[in-house]
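Predicted coordinates and the sequence they were generated for:
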Amino acid sequence: MKWFIKVFALVLLSTACQTSEENQYLVKDLEDLLDRKQVFQAQRIFLKEKENLPEVDRLMFSSHLENSFNHSASSNTSINRLIDNYSDQIDPKQMCDLLQLKLQNHVRLFEYEQSAQVNNDLLKNYSNLLDSTTLADLGNTLNIWSGLSGQAAQRVIKKEHSKIELIGGSRIKTNLNNSDTVVNMTFDTGANISVLIESLADATNLEYMDASVGVTGILGNETMAKVAIASSMKFGNIELENVVFLVFPDSALYYEAANFQIYGIMGYPVISALGEIHRTTDNYLIIPSEPTKTNYANLAMEFLTPVVEVFNEQDTMLFTFDTGAGKTLLYEKYYQRAEESIKAKYEKTNLVIGGVGAVQNYEGYLIDFLLQIGGMSLDLDSTKLLSKNIDPEHDFYDGNLGQDVIGAFDKMILNFEDMFVAFSNN
């Protein structure tokens with residue numbers, strides 16, 4: 001009997017060691033995927049294997065993935081449980097990462113006072129673990145959250161089925177603070193915060209906060225903007241309150257070469273609050289009263305930037321999604337995937353890349369690009385490809401999807417609750 005017990009105990013010990021070793025490999029694989037921003041693949045593995053993980057690891061990955069898939073309150077719940085129950089198992093680098101997630105979650109939830117507290121904690125206690133770019137960003141954004149502390153959260157107070165004409169294919173007639181001034185706002189998922197020019201902010205009686213921030217454009221040029229709040233924002237059968245704007249000098253959003261003025265931009269915090277939007281090829285924006293259901297999630301968030309899972313033959317790729325960009329732009333990561341075939345088929349050329357108030361020339365290629373997204377296929381010709389990135393944030397992504405993808409289909413559905421983007425032809 002003793003012999004049986006000893007053998008049984010050895011079997012249990014061997015099984016436990018094997019399970020522990022398997023868990024270590026699983027944790028390492030998930031950490032590697034998250035380090036490379038491969039959140040879709042990480043999510044698939046985590047959902048399949050999470051019951052095999054110890055609670056501390058399960059909470060750690062839940063914190064990251066719930067943040068990535070726009071479940072900010074759930075992510076903060078996981079983070080708080082981790083800190084409350086497992087602080088002795090969290091090293092300083094992990095704590096720094098968790099606090100950055102917590103900051104993002106508070107910002108998305110419009111919890112400005114908590115945002116300022118976590119932002120300040122990162123600057124005060126974890127600056128030695130942060131790179132210079134992140135430190136500069138935190139120093140900049142602290143001005144915003146501190147200036148907004150004590151302000152009420154953005155809230156949708158009326159949401160009924162709406163069909164809204166897009167002026168010029170991208171602009172929405174908007175009313176701010178019940179003023180007599182109509183603001184034509186560009187619909188732009190790539191804008192982290194909504195934007196307004198100063199003359200219209202004054203005309204619509206926005207309330208300025210005691211805060212300003214430096215905003216860096218795609219080409220690295222910085223412009224100072226003020227922070228302001230509209231107590232009311234209306235378009236279609238939609239009404240929101242307490243909407244935050246960055247207010248720029250009129251000249252900063254004027255394109256002299258094209259004699260074109262941007263008046264305002266409806267950014268991600270407003271767009272995502274609608275839950276789901278439909279964009280049609282005949283230039284209408286539809287906000288349905290009931291959301292669409294699907295069996296896949298191909299949309300994630302990198303803080304306030306939408307990220308889409310895209311396929312190209314056998315490759316799985318990540319693209320940021322900017323409805324304000326006219327054309328799709330491919331980055332160095334995609335170039336590295338197909339460098340030999342690109343060099344063999346295409347000649348290097350000069351690419352003109354534009355941002356707010358500036359344009360610049362870069363070396364790259366004009367290529368044909370085949371992609372599959374949301375169950376549909378598309379072949380884009382003469383797509384700009386940068387052979388070297390112009391922004392470190394591009395390193396993790398194959399490119400940015402623009403309006404040329406949206407316009408290729410009769411309808412786009414963008415859903416920020418179940419996190420998917422879908423395309424269809426009627």
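Arrived safely, thanks for sending.

Tell me which stretches of the protein form helices.
With helices called from DSSP state H, the chain shows them at 2-35, 39-49, 55-68, 72-86, 92-108, 112-125, 132-148, 198-203, 268-273, 332-337, 339-345, 403-406.

now the angle from the second one to helix 55-68?
The one in question is helix 39-49. Counting by axes from the mean of the first three to the mean of the last three CA atoms, to 10 degrees, helix 39-49 lies at 140 degrees to helix 55-68.

Can you point out the buried residues in helix 39-49?
Counting neighbours by 16 or more other CB atoms under 10 Å, one finds that the buried residues in helix 39-49 are 39, 40, 41, 42, 43, 46, 49. The way it works is simple: take the backbone N, C-alpha and C, and place the C-beta from them, glycine included.

Check the third one too.
Judged by neighbour count (16+ other CB under 10 Å), helix 55-68 contains these buried residues: 57, 58, 59, 60, 61, 62, 63, 64, 65, 66, 67, 68.

Equivalent analysis for the fourth one, please.
If you call a residue buried by 16+ other CB under 10 Å, then helix 72-86 has these buried ones: 72, 74, 75, 76, 77, 78, 79, 82, 83.

Touching, the third one and residue 63? I think so.
Yes - Residue 75 lies in contact with residue 63 (CB atoms under 8 Å); the separation is 5.4 Å.

ok, what's across the strand from the nearest residue to residue 159 once chain neighbours are set aside?
Counting by CB to CB, 6 or more residues apart in numbering, the nearest residue to residue 159 once its immediate chain neighbours are dropped is residue 238, at 5.7 Å. In this entry, residue 238 is beta-bridged to residue 159, residue 235, by DSSP bridges.

which residues sit in contact with residue 238?
Remark: with contacts taken as CB atoms under 8 Å, 6 or more residues apart in numbering, residue 238 is in contact with 156, 158, 159, 160, 162, 274, 287.

Which pLDDT value belongs to the fourth one?
Note on residue 160: pLDDT of 92.

so what's it up against?
Contacts were defined as CB under 8 Å, 6+ apart; by that measure residue 160 touches 237, 238, 289.

quick one on the thing from earlier: figure out which of the helices of the chain is closest to residue 222.
Between residue 222 and the helices of the chain, the tightest spacing by CB to CB is seen for helix 132-148, at 9.6 Å.

For that closest one, which helices and strands make contact with it?
The elements that helix 132-148 packs onto, with contact taken as 3 or more CB pairs under 8 Å, 6 or more residues apart in numbering; DSSP states H and E, are helix 112-125, strand 207-216, strand 222-230.

By mean pLDDT, show me the worst of those.
That would be strand 207-216, which, of all these, carries the lowest mean pLDDT at a mean of 88.

in that strand, what's buried?
When neighbours are counted by 16+ other CB under 10 Å, the buried residues of strand 207-216 are found to be 208, 209, 211, 212, 213, 215, 216.

How much space separates the third one from residue 166?
Counting by CB to CB, to the nearest Å, the separation of residue 211 from residue 166 is 31 Å.

Wait, residue 296 touches residue 421, no?
No - the pair formed by residue 296 and residue 421 falls short of the contact definition of CB under 8 Å, at 10.2 Å.

out of these two, which sits in the busier spot?
For residue 296 and residue 421, the more surrounded residue by other CB atoms under 10 Å is residue 421, and the numbers stand at 24 against 13.

Can you name the residues bridging to the more buried one?
On the basis of DSSP bridges, residue 421 takes part in beta bridges with residue 414.

ok so, going back, need the buried residues of helix 39-49 in CSV (columns: pLDDT and distance to residue 404).
Below are the buried residues of helix 39-49 laid out as CSV (pLDDT from 0 to 100; distance: CB to CB, whole Å):
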residue, pLDDT, distance to residue 404
39, 97, 25
40, 96, 23
41, 96, 27
42, 97, 29
43, 97, 28
46, 97, 34
49, 94, 38
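
picking up where we left off before, I'd like the contacts of residue 238 laid out as TSV, including distance to residue 386.
What follows is these, written out as TSV (distance: CB to CB, whole Å):
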residue	distance to residue 386
156	38
158	43
159	39
160	43
162	38
274	32
287	35
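
Tell me the most packed of those residues, by neighbour count.
In those, the most neighbours by other CB under 10 Å go to residue 274, 21 neighbours.

I'd like the distance between that one and residue 171.
Noted for residue 274: a distance of 16 Å to residue 171, by CB to CB.

now swap in residue 97 and tell me
To residue 171, residue 97 is 39 Å away according to CB to CB.

of all the buried residues of helix 72-86, which comes closest to residue 269?
Proximity of those to residue 269 was ranked by CB to CB; the top entry is residue 72 with 11.9 Å.

Surely the closest one and residue 105 touch.
Yes - taking contact to mean CB under 8 Å, the distance of 3.9 Å between residue 72 and residue 105 places them in contact.

Give me the neighbour count for residue 53.
The local packing of residue 53 (other CB under 10 Å) involves 18 other residues.

Check residue 276 too.
19.

Same check on the one 10 residues further on?
Residue 286 sits with 16 neighbouring residues when counted by other CB under 10 Å.

Once you drop chain neighbours, what's closest to it?
For residue 286, the nearest residue in space outside its immediate sequence neighbours is residue 278; the separation is 4.0 Å by CB to CB, 6+ apart.
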